[in-house]
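K.L.:
my questions concern the predicted model and sequence given below.
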Amino acid sequence: MNTARKMLILPAVFCLLVLTAGNALAEYAWYNCTVVRVGQNRMGVFQITLARPGVTESRTFTLPADRTDRLLAIALSAVSANLKVRAYVDWRFEEGRTLKGLQAVGAVQ
């Protein structure tokens with residue numbers, strides 16, 4: 001009976017660990033967004049403000065220093081051409097998280 005009990009408990013514990021680790025690693029994801037604002041803040045750090053369809057509040061993300069030029073070019077192109085973007089971000093955060101990726105995808109409807 002003791003061995004059978006262990007055989008049932010071990011897979012259950014393993015599944016719980018996998019699910020917990022998956023949630024911890026899944027904070028960043030791709031989201032379809034509209035660029036609300038892009039530019040420097042008072043401290044000289046480049047930031048982008050994004051809005052998602054169906055979400056009432058927009059979020060501000062910091063552009064990483066090593067990729068600021070590329071991400072800024074995409075964001076400014078999206079604003080000037082009225083394009084939506086796909087952003088690789090953590091939407092469940094407090095303000096100030098870093099933008100990890102950005103792609104221009106199509107016209108805003």
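P.N.:
In hand now; what should we look at?
K.L.:
by mean pLDDT, flag the weakest helix or strand of the chain.
P.N.:
helix 2-25 (a mean of 59; mean pLDDT, DSSP states H and E).
K.L.:
partners of the very next helix or strand once past that helix, with directions?
P.N.:
Beyond helix 2-25 on the C-terminal side, the first helix or strand identified by DSSP states H and E is strand 29-40. Sheet pairing of strand 29-40 (DSSP bridges) gives strand 46-51 (antiparallel), strand 83-89 (antiparallel).
K.L.:
centre-most residue in the chain?
P.N.:
residue 89 (1.2 Å; Cα atoms, centre = their mean).
K.L.:
give the contact list for residue 101.
P.N.:
When contacts are counted by Cβ atoms under 8 Å, 6 or more residues apart in numbering, residue 101 touches 30, 86, 87, 88. All C-beta spots, glycine's among them, are computed from the backbone N, C-alpha and C.
K.L.:
residue 68: which element?
P.N.:
helix 68-80.
K.L.:
from residue 61, how far out is the residue nearest to the centre of the chain?
P.N.:
Noted for residue 89: a distance of 6 Å to residue 61, by Cβ to Cβ, to the nearest Å.
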